[in-house]
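1. Fold the following and give me the result.
(one chain, ligands or ions: 1)
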Amino acid sequence: MNLQVAKAKGSLIYDPKGKKHIDFLGGAGVGNLGWGLEEIEMTIRNSERPSYVYPHFYYKPWTDLAEQLAAITPEHLTTSFRATGGSEAVDGALQMAMMYTGRKKVLSIEGSYHGNTFGALSVGTSSNGEKFHNLLPGFEKIKPPLNEKSLREIEEKLKGNEYAAFIMEPVIINLGVVIPEEKFMEKLDRLCKEHGTLLIMDEAITGFFRTGKFFASEHYNIKPDIMCLAKAISSGYAGMGAVMTTDKIAKAVEGKIGLYSSYGWHPVGTDAAIATINYLLNNTEELLDNIETVGRIFREELPKITFREEPEIRIKGLAIAVDVKDEGYASEIKEKAVEHGLLMNTEGSSLSFLPALNIDTETVLEGLKLLKKVVD
Ligand SMILES: Cc1ncc(COP(=O)(O)O)c(C=O)c1O
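-> Residues are numbered from 1 along each chain as shown. Below you'll find the predicted structure:
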């Protein structure tokens, strides 16, 4: 996508010539609160933080953030490990699971994306292996659709008690908002528990209200052992990530793995994350109302657009995918949309929209009007 960004405010992005673009892309899940939100900007500007903190020294705001994260994630996830982003959080989660279980094998969903480090690429789509002449050994994939058949396949694999972890996004945004059924997730959780396999929920994009809950894992009656957080955690102000786990797992791996990273929870990112979480906590009701209103607009307006084929529309909160059934066609729409001043992503044959959770309805309607114009 050929766009040079000069300025970003709210849900609008401007190029150096001042041309306006409506942002339905949201930095692929970073900009849940849009860009340059006053409350976060002011906190960062007015903070008296040091310019850097060495990871092995103590920095009090780390404790504040860790306490906030423990309070907002499911109750049993009490402990956080510092990371600089999603890939590092996924790698850390895999290391943690391997160290805790003493096992090396990992299961994930075919075609998924979990980041760009070798660990994250290894749990991502199998075509990564072709690119790099194989990745980590013992990493296997379950092919969607996620149904009874795949549960039987998972059970067959897990029953040998050899797998350290099963990792997935609770709503698979990177496959075009695939929404697993509750009974699939609950059985998966049960199978993992039965066979000593840790369940890792990668909430890098799905976290921080993207799908209408603080974390998408909360849509199901499951108890993930590890949760990966990133992206919207710091609203785009600095690289940040976190691996959340239980007290028991944290104590067992403490001192055995060190998710050391020079920039892990840099003071700017820490300030941004604390300010982001405060904002989310102070504005939960308004944000949830807006997610519902904007979601309804997308549900009502998208079917009025005449795509080449009847599309499949999948929406959870403000994670929105329009499967136009042809990858080339989806890319064509995305590229043409930029020229018309509308930004989106594609996942395979799906158009993918991750608008800010606080986007106003006028901007949403303007964006959808542009989409209609592009498609027509
Ligand atoms: C589900 C998921 N996990 C991990 C990552 C990697 O995050 P980062 O780009 O911060 O390394 C991404 C990035 O798109 C992602 O979508």
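2. residue contacts, the closest residue in space to residue 309 that isn't next to it in sequence?
-> Once flanking residues are discounted, residue 309 sits nearest to residue 325: 4.8 Å by CB to CB, 6 or more residues apart in numbering. For glycine as for every other residue, the C-beta is placed from the backbone atoms N, C-alpha and C. Contacts for residue 325 (CB atoms under 8 Å, 6 or more residues apart in numbering) come out as 308, 309, 311, 312, 349.
3. Restricted to strands, list those residues.
-> The members of these that map onto strands under DSSP state E are residue 312.
4. can you list the contacts of residue 325 in TSV and add distance to residue 234, neighbour count and pLDDT?
-> Output for these, formatted as TSV (distance: CB to CB, whole Å; neighbours: other CB atoms under 10 Å; pLDDT from 0 to 100):
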residue	distance to residue 234	neighbour count	pLDDT
308	39	11	96
309	39	12	95
311	34	21	97
312	33	13	98
349	32	20	97
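5. The ligand: which of the contacts of residue 325 is nearest?
-> Ranked by distance to the ligand (CB to the nearest ligand atom), the contacts of residue 325 are led by residue 349 at 18.2 Å.
6. Angles on the backbone of that closest one, please.
-> phi -90, psi 10 (degrees, to the nearest 10).
7. Let me know the average pLDDT across stretch 250-258.
-> Stretch 250-258 carries an average pLDDT of 91.
8. In that stretch, which residues are buried?
-> For stretch 250-258, burial by neighbour count (16 or more other CB atoms under 10 Å) applies to 250, 253.
9. cool, stretch 45-58 as well?
-> So for stretch 45-58, counting by 16+ other CB under 10 Å, buried means 47, 53, 55.
10. Same question for stretch 85-99.
-> Judged by neighbour count (16+ other CB under 10 Å), stretch 85-99 contains these buried residues: 85-98.
11. Kindly identify which of the residues you listed also come near the ligand.
-> By CB under 6 Å from any ligand atom, the members of these lying near the ligand are 85, 86, 87, 90.
12. Pull the contacting residues for the second one.
-> If I follow you right, that is residue 86. 114, 115, 120, 202, 204, 228, 230, 231, 241.
13. can you tell me the helix or strand for the third one?
-> Under the criterion DSSP states H and E, the helix or strand holding residue 120 is helix 118-123.
14. if we can go back for a sec, now, among the ones next to the ligand among the buried residues of stretch 85-99, which is nearest to the ligand?
-> Sorting these by distance to the ligand puts residue 86 at the head of the list, at 2.1 Å, by CB to the nearest ligand atom.
15. Skipping its backbone neighbours, what lies nearest the residue of the stretch 201-350 of the chain found nearest the ligand in space?
-> Relative to the ligand, the nearest point of the stretch 201-350 of the chain is residue 204 (3.4 Å; CB to the nearest ligand atom). Excluding the flanking residues, the one nearest residue 204 by CB to CB, 6+ apart is residue 86, at 3.7 Å.
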